[in-house]
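Undergrad: curious how this folds, go ahead:
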Amino acid sequence: MTAESYLEACLAYYQSTFDLKRDFEYGGMIYDAYGHFYAHNEKYVLAKEVQMWETNCYEHVFFQIVDELTPDRITQMGRMVSNQAEPELVCRGKKYPPRNHMYSYLTCIFLCRKPLSREAQKAIRSYHFSRTYLFSVRGWCEARTAAVSLTESRICTNRQGSILAEILKKPFYE
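TA: Next up is the predicted model:
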């Protein structure tokens, strides 16, 4: 399976709930695709004016095709998440996310044409980023990352991204 056909299969899955953009430039890097998800939930009593609670949930997913994934590339992705994506996409340039923010996931998926090295697998598995805002009153943010080796049909994720493995296996069996 080629990286491009695998990306198309992934995007077909994501397009039902995400707003997708191709060849997306962010933080000085070009991503093959970017997706944004937003969900708004609220509960009210009798009329919309009497609102009990409201939550807003977000996910930003970045897809990048690489020939070979290196630990340096994962470090670079980690800097992008902590220095740019979290302050700009989650907090929107302010100290905290907007009111009623529940959670934001910042997801980076690498589609690798070559097998994953042990060093790259170790760097993916050990990558961790999470923040809570105002003792979770303004929600939290987590970074999820995954690497898909298309030559080996192997998926490697960090702990927060383990849920991605099920989604990323689907194109191999379709």
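Undergrad: the protein: helices as residue ranges?
TA: For the chain, applying DSSP state H gives helices covering 3-14, 71-80, 118-126, 164-173.
Undergrad: which one of those lies closest to residue 57?
TA: Judged by CB to CB, the one of those that comes nearest to residue 57 is helix 3-14, at 15.7 Å. Where C-beta positions appear, they are placed from N, C-alpha and C, glycine not excepted.
Undergrad: that closest one vs helix 164-173, what angle?
TA: Angle, helix 3-14 to helix 164-173, by axes from the mean of the first three to the mean of the last three CA atoms, to 10 degrees: 120 degrees.
Undergrad: list the buried residues for helix 3-14?
TA: 3, 6, 7, 9, 10, 11, 14 (16 or more other CB atoms under 10 Å).
Undergrad: what's the neighbour count on the residue nearest to the second one when sequence neighbours are not counted?
TA: If you skip the residues right next to it in sequence, residue 6 has residue 171 as its closest partner in space, 5.3 Å away by CB to CB, 6 or more residues apart in numbering. Using other CB atoms under 10 Å, the number of residues around residue 171 comes to 20.
Undergrad: cool, and residue 163?
TA: Using other CB under 10 Å, residue 163 has 11 neighbouring residues.
Undergrad: could you list every residue that touches it?
TA: Neighbour list for residue 163: residue 144 [criterion: CB atoms under 8 Å, 6 or more residues apart in numbering].
Undergrad: roughly how far does it sit from residue 50?
TA: Plainly put, residue 163 is 35 Å away from residue 50 if you go by CB to CB, to the nearest Å.
Undergrad: repeat that for residue 33.
TA: Relative to residue 50, residue 33 is positioned 41 Å away (CB to CB).
Undergrad: no further questions, thank you.
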